[in-house]
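1. just a sequence and a predicted model for now, questions to come.
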Amino acid sequence: MQIYPKKIILLGVLALFAFTGCTTQKAPPPSAVKPAAAKMAPKPKDILKGKISGKSNKAKNIQIVVGKGAKAKTIMLKFNDSTKGLEFAKKGEAAIIKFKMVGNDKVATVIKQKLAKLPPGVVEIKTDELMGLYESRADMVVVDARPASRYAQGHLPNAISIPVPKLKKEQAAVLPANKEQLLVFYCGGPT
C-alpha cells in the first residue's frame, strides 16, 4: 500500500475547512446580558404549584390551592390510572402538578413533591456521603431540624435538636460559634 502525503494533507485541510469554515472572523463573545424576552419567559400553562387541599379517589379528582393570600384560588383536576405520582397528592402537602386538557377538563399527568429550594452556598448531600463523614470522624455538627417530639423518638448519632421554628427565631444563639465547622441539617422529608 502506497501512502500519498500530499493527498493526506489536502484531505486534512479540506476536512478542517468543512468543520471550521474558512473565515478568519471570530464569533462575538456571548453576551452576559440576557434579552428581556428570556428574563420574562412565561410560566408553563400546563403546570400548577401549590398545596393540595383535597383528593377524592372515588371521584378521581384533586384540589390544589394556587397563589397566596387574596389571590389564592382552588383548582380542581381529574386524575386517571395513568397519572404518575398520586402518592404525592396528600392533603396539606405542597405539590407540582403537570396536566393536559382533555375537552374542558384538566387531567393530571404527573404529580411531584414541591421541595424547598436551598439557599445560596448550601449543598445537598446524600445518605452515603453523610455516612462517609461519620466514618471519617469529620469535624461536623449534625442538626435534626424535625420537631422535638420526632427527635425524641430517634435521631442520628450525636445530632442536636434544633427544630425549624426555633432556628428561625434564635439562629445566632442555637448555631455553633465556630463558623468554619461543617453543619449538616436533616429533617423528616421535604421542608
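-> Right, received. Where do you want to start?

2. in stretch 135-152, what's buried?
-> Along stretch 135-152, these residues count as buried under the neighbour rule (16 or more other CB atoms under 10 Å): 140-147, 151. (C-beta placed from N, C-alpha, C; glycine too.)

3. next step: these restricted to strands.
-> 140-144 (DSSP state E).

4. quick one: which two of the buried residues of stretch 135-152 are the most distant?
-> 140 and 147 (22.4 Å; CB to CB).

5. which residue ranges form the strands in the chain?
-> Using DSSP E, the strands found in the chain span residues 47-56, 61-66, 73-78, 94-102, 105-113, 140-144, 160-161, 182-186.

6. quick revisit: any chance of the ones in strands among the buried residues of stretch 135-152 in a markdown table with pLDDT and distance to residue 173 as columns?
-> Shown next, in a markdown table, are those (pLDDT from 0 to 100; distance: CB to CB, whole Å):
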| residue | pLDDT | distance to residue 173 |
| --- | --- | --- |
| 140 | 90 | 20 |
| 141 | 90 | 14 |
| 142 | 91 | 18 |
| 143 | 90 | 14 |
| 144 | 90 | 17 |
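
7. for those, which one is nearest residue 86?
-> Using CB to CB, these come closest to residue 86 at residue 144, 29.9 Å.

8. kindly provide the distance from the closest one to residue 167.
-> 11 Å (CB to CB, to the nearest Å).

9. and the nearest residue to residue 174 once chain neighbours are set aside, how many neighbours does it have?
-> Nearest residue to residue 174 in three dimensions, chain neighbours excluded: residue 162, at 5.0 Å (CB to CB, 6 or more residues apart in numbering). Residues within reach of residue 162, counting by other CB atoms under 10 Å, total 20.

10. domain parsing of the chain, as residue ranges.
-> Here the domain parsing of the chain from automatic domain parsing is 47-113, 127-186.

11. average model confidence for the longest one?
-> Going back to what we said before, that points to domain 47-113. In this model, domain 47-113 has an average pLDDT of 93.

12. now the terminal residues of that domain, how far apart.
-> 13 Å (CA to CA, to the nearest Å).

13. thought residue 138 was touching residue 182?
-> Yes. Look at residue 138 against residue 182 with CB atoms under 8 Å: they come within range, at 6.3 Å.

14. just to revisit the earlier point, mind putting the buried residues of stretch 135-152 in a markdown table, distance to residue 103 included?
-> A markdown table is the format used below for the buried residues of stretch 135-152 (distance: CB to CB, whole Å):
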| residue | distance to residue 103 |
| --- | --- |
| 140 | 55 |
| 141 | 55 |
| 142 | 52 |
| 143 | 50 |
| 144 | 49 |
| 145 | 45 |
| 146 | 44 |
| 147 | 45 |
| 151 | 50 |
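
15. which one of these sits closest to residue 53?
-> After measuring these against residue 53 - CB to CB - the closest member comes out as residue 147, at 23.1 Å.
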